[in-house]
Each structure stands twice: as structure tokens, then as C-alpha cells.
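> Just a sequence and a predicted model for now, questions to come.
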Amino acid sequence: KTITRQKIFDNDDYKDTILELCQWNPTQSLAKYVQGFYGHHQFYIGRNTIDRLFARENITWKKIAKVAIESDDEECALFWRCYAALVFDTKQVMFLDESHRNDKTANPTYGRGQGRVVVKVVFS
């Protein structure tokens, strides 16, 4: 008689807890997933178990695409309309790109997800 091993994430409720935590905050560490799981189900699972779940679900650790919280689509469109009306030669303007300057904020660099991971951050 063979006994099949029961794996923790064969239980859909347990698996859904981790996947929801990932969707809610893709930048948290595996240790935070362990804490979150313990908070929901009152028992401990290891980081490697969670990491294997992510691998099976094709959720990888990748560089985050950052989107500014302050970004306003209407304001951007208005800016480019004004730019087109006023600027006739690119030598008339100079842009200083400080969009990646974030030395005052501790913005995350990596997150987990199946596709592109986008997180709103503060650029200051």
C-alpha cells in the first residue's frame, strides 16, 4: 500500500492566502509571507515552501516598473499640447530628469508577479 504525501499547498485555501498576499503587496520578503500566513492560519510554513509555490505558479522575483503617484494623465497631455504649440526647435528646451532620484524615500526595487510588476512610488 502506497501513501501519497500531502503537501501544504494542495489545500486551495492555504494557496489562495499566499497568492492574495502577493497580489496585495508584491514587494514583501518571503519572511513577511510566512508572517502573513501565520496570521491567517495560526501555523508556520517555511520560506522555501512558499518559494516553491511561487515557482509552480510562475511568479518570479523581478525588477519593478515604477509609476509616480503624482502622475496625472490630463496634466501630461496638457503639457505636451503646450510644448507642441510653443517649441519649434529642440534646442529651445532642456529637461532635467530626476524621476529616478529617490534618495529620500525607501522605494522597493524588486517584486513578485507573473507579468510586469508595477508599484506606485513617491519620487522626491
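Here it is on my side, so go on. Everything numeric here is computed off the predicted structure, so don't read it as measured data.

> Correct me if wrong, but V119 is in a helix.
No. Judged by DSSP: H, G, I helix; E, B strand; the rest coil, V119 forms no part of a helix; its state is strand.

> Looks like it contacts K62 (just checking).
No. Using C-beta atoms under 8 Å, V119 makes no contact with K62, being 11.5 Å away. Every C-beta, even on glycine, is put in place using the N, C-alpha and C of the backbone.

> Comparing the two, which residue is more hemmed in?
Taking other C-beta atoms under 10 Å, V119 and K62 do not tie; V119 has more neighbours (18 against 15).

> Quick check: beta-bridge partners of the more buried one?
Assessed by DSSP bridges, V119 has beta-bridge partners K66.

> measure it to V34 for me?
21 Å (C-beta to C-beta, to the nearest Å).

> Now do the shared contacts for V119 and K62.
Overlap of the contact sets of V119 and K62 (by C-beta atoms under 8 Å, 6 or more residues apart in numbering) consists of G111.

> Flag the shaky bits of this structure, pLDDT-wise.
66-71, 96-108, 120-124 (pLDDT under 70).

> ok, 90 please
The chain contains residues with pLDDT under 90 at 1-10, 22-29, 60-77, 79-80, 83-84, 86-124.

> Tell me where it has helices.
When assigned using DSSP state H, the helices of the chain occupy the ranges 12-24, 30-41, 47-56, 73-86.
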